[in-house]
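Asker: The following block contains a protein sequence and its predicted model.
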Amino acid sequence: MSGSLRDNAYGMYVIHYAFATWLQYSVLRAPLSGLAKRTIVTLGTVLVSWGGLAALRRKPRVARVIWAWAQAVAMRARRAAS
């Protein structure tokens, strides 16, 4: 499980904003406490981003693009650290 999360982390970061915004609007008027809404949005965003990206990565072209982005980010981070 942690390997899959690690492999999909950058792609999840890239696409999570759309899901988080959509989920926030969907629970906005729900008669729930703030903690319950936050929990729903957080868990929902992680699960939908992770699952969606894992499905997209099965497509070779998408997998190459995501891998290239992750490598570029890692390279920039290494340069900034040195």
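Answerer: Done, it's in. Numbering: from 1, shown residues only.
Asker: same for the helix or strand hosting A18, what does it pack against?
Answerer: Assessed by DSSP states H and E, A18 sits inside helix 2-27. On a contact count with 3 or more C-beta pairs under 8 Å, 6 or more residues apart in numbering; DSSP states H and E, helix 2-27 meets helix 34-56, helix 60-81. Glycine gets a C-beta too; all of them are placed from N, C-alpha and C.
Asker: can you give me the angle that helix makes with helix 34-56?
Answerer: 130 degrees (axes from the mean of the first three to the mean of the last three C-alpha atoms, to 10 degrees).
Asker: What are the buried residues along helix 2-27?
Answerer: 7-8, 10-12, 15-16, 19-20, 23 (16 or more other C-beta atoms under 10 Å).
Asker: buried stuff in stretch 31-47?
Answerer: By neighbour count on 16+ other C-beta under 10 Å, the buried set for stretch 31-47 is 37, 40-41, 44-45.
Asker: pLDDT (mean, whole number) over that stretch?
Answerer: Across stretch 31-47, the average pLDDT comes to 90.
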